[in-house]
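Enquirer: got a structure for you, letters missing:
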């Protein structure tokens, strides 16, 4: 398969969740609680994006198709894009810029605390995603910084687990996928030694 | 050349919304009645109920739309998603159905649901509903005060609490095939809470019998408590001397207390209860103590520390 075609297809696919939200929003399809719907949807796609980003390296090593690396940045930036929409939905639609309530939430609600920290940590990764920034930082320092994505993904899954009232099925699916993805890295690192 | 014609007059300008909504309800009721006539004894959903409006206990706030009330709610027996109950409860059989009155009462009785619905005068009551998750609705219920049923049963001197036991039928309720909660769902009230005139046994909403997803054929409605206290599809009402255990209390005792009164000053351990989103509204609104029913119920909790007894 041609990597450029794959990249273009993934780009369009990654826009699907946003397009779906817009179509539903303009056709009265977001249900009784539209803000909850948007929050859930953007949160879900952030997690999916992070999992896909973390899948690139194992897949590349296993298949030997090294060009796959060229889609990783795009997937990472889409994760940040949906995380930003998720964050803006919370600040704007859910809390309507009530900053004292927001700060109180961040301080007092563990699920919001970890979600907020995960979002903050994503920002430097997004800002240093360009080739110019990689050169400026140097490959080693850049790689070190971008290892933060492991922590971000863990915090993201924890954010989901802690907000659910009782039925943990969905968050545990993400936890399992993440365990496999990070577990593969540990296993791979030991094998290399 | 472009010839402009006057805009068509929107039908909403001719017919007030309340009227055309009523017409829709009427048409729905008619269609359902016709269907019910062809398929008797399975479900009694959407049958018109005659009831007297009770203005004293009704809010004048605009009711949440019929669509939202019947497509967005929690009913874990039919799935944990908010739209699951509306999707999965359609085949639920509410006939035959009995409600057993038992325990510390002088007149235990097994009621047939149709006899029970006719035994006490039905009232229309428009209540606020506040979910523990932070959203709220205004719902026009049809029902009778639980106090009427309790007086008829005559609790003994030992009766201090009332336990509500709901249907356990995993064959019909797919959600019960998973151990999300300890089935059957049970709830409880102190006897004086159960006797409070606000406490309603609802058999309908929007003037018709309850849709399956909203707890048909009979459910509890306790408007000053978080929604989960108002158990659905009740089959047994038991009077006891000990505080009954509740489904959510068993699942997470630190998060869901026996009382679970709506209280903006006592947060859920994981989220704030200070404000709520009224379904259909954009901005959040402040949550009221006892969901705005303090005048009727505050005296029940005099002298209690509601942080301890949450």
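Expert: Sure, I can see it. No experiment lies behind these values; they were computed from the predicted model shown. Numbers count the residues shown, from 1 in each chain, chains lettered A, B, ... in the order given.
Enquirer: distance from whichever strand or helix holds residue A:58 to the middle of the chain?
Expert: Taking DSSP states H and E as the definition, residue A:58 sits inside helix A:34-63. In terms of Cα atoms, centre = their mean, to the nearest Å, the centre of helix A:34-63 is set 5 Å apart from its chain centre.
Enquirer: could you list the buried residues of it?
Expert: A:34-58, A:60 (16 or more other Cβ atoms under 10 Å in any protein chain shown). Where C-beta positions appear, they are placed from N, C-alpha and C, glycine not excepted.
Enquirer: who are the packing partners of that helix?
Expert: Applying 3 or more Cβ pairs under 8 Å, 6 or more residues apart in numbering or on different chains; DSSP states H and E, one finds that helix A:34-63 contacts helix A:3-26, helix A:72-88, helix A:148-163, helix A:169-192.
Enquirer: next, the angle from that helix to helix A:72-88.
Expert: 160 degrees (axes from the mean of the first three to the mean of the last three Cα atoms, to 10 degrees).
Enquirer: that older thread, nearest to residue B:153, out of the helices and strands packed on helix A:34-63?
Expert: Of all those, the one in closest proximity to residue B:153, counting by Cβ to Cβ, is helix A:169-192 (40.8 Å).
Enquirer: got the angle for the closest one vs helix A:34-63?
Expert: Helix A:169-192 runs at 20 degrees relative to helix A:34-63, counting by the same axes, to 10 degrees.
Enquirer: what does helix A:169-192 contact?
Expert: Here helix A:169-192 makes contact (Cβ atoms under 8 Å, 6 or more residues apart in numbering or on different chains) with A:47, A:51, A:54-55, A:57-58, A:61, A:150, A:153-154, A:156-157, A:160-161, A:164, B:80.
Enquirer: contacts only, for residue A:106.
Expert: A:112-113, A:116.
Enquirer: quick one: the closest residue to it other than its chain neighbours and residue A:126, what's the gap?
Expert: Distance criterion Cβ to Cβ, 6 or more residues apart in numbering or on different chains; nearest residue to residue A:106, sequence neighbours excluded, is residue A:116 at 5.0 Å. Taking Cβ to Cβ, to the nearest Å as the measure, residue A:116 falls 16 Å from residue A:126.
Enquirer: which one of these two has more residues nearby?
Expert: residue A:116 (19 against 16; other Cβ atoms under 10 Å in any protein chain shown).
Enquirer: any idea how far that one lies from residue B:277?
Expert: Counting by Cβ to Cβ, the gap from residue A:116 to residue B:277 is 21 Å.
Enquirer: what of residue A:74?
Expert: Taking Cβ to Cβ, one finds residue A:74 at 35 Å from residue B:277.
Enquirer: so what pLDDT did residue A:32 get?
Expert: pLDDT recorded at residue A:32 is 94.
Enquirer: actually residue B:29, not the one I typed
Expert: Residue B:29 is given a pLDDT of 48.
Enquirer: please apply the same query to the one 5 residues further on.
Expert: Residue B:34 carries a pLDDT score of 49 in this model.
Enquirer: now render the helices and strands packed on helix A:34-63 as CSV, adding mean neighbour count.
Expert: Formatted as CSV, these follow (neighbours: other Cβ atoms under 10 Å in any protein chain shown):
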stretch, mean neighbour count
helix A:3-26, 13
helix A:72-88, 20
helix A:148-163, 19
helix A:169-192, 13
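Enquirer: will you turn the ones you listed into a markdown table that also has mean pLDDT?
Expert: A markdown table is the format used below for the helices and strands packed on helix A:34-63 (pLDDT from 0 to 100):
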| stretch | mean pLDDT |
| --- | --- |
| helix A:3-26 | 96 |
| helix A:72-88 | 97 |
| helix A:148-163 | 97 |
| helix A:169-192 | 95 |
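Enquirer: number of nearby residues for the residue of chain B found nearest chain A?
Expert: Here chain B gets closest to chain A at one residue, residue B:72, 3.4 Å apart by Cβ to the nearest Cβ. Counted with other Cβ under 10 Å, residues neighbouring residue B:72 total 23.
Enquirer: how about the residues of chain A by chain B?
Expert: A:31-33, A:35-36, A:94-96, A:101, A:104-105, A:108-111, A:162-163, A:165-167, A:169 (Cβ under 8 Å from any Cβ of the partner chain).
Enquirer: how does it look with 7 Å?
Expert: Counting by Cβ under 7 Å from any Cβ of the partner chain, the residues of chain A close to chain B are A:31-33, A:35, A:96, A:105, A:109, A:111, A:162, A:165-167.
Enquirer: ChimeraX command to pick out the buried ones of these?
Expert: A single ChimeraX command selects the buried members of those (16+ other Cβ under 10 Å):
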select /A:31,32,33,35,105,109,111,162,165,167
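Enquirer: between which two of the contacts of helix A:169-192 is the distance greatest?
Expert: Spatially, the most separated pair among the contacts of helix A:169-192 is A:61 and B:80, at 37.5 Å (Cβ to Cβ).
Enquirer: residue nearest the centroid of chain B?
Expert: Central residue of chain B (Cα atoms, centre = their mean): residue B:221, 4.4 Å from the mean position.
Enquirer: noted, bye for now.
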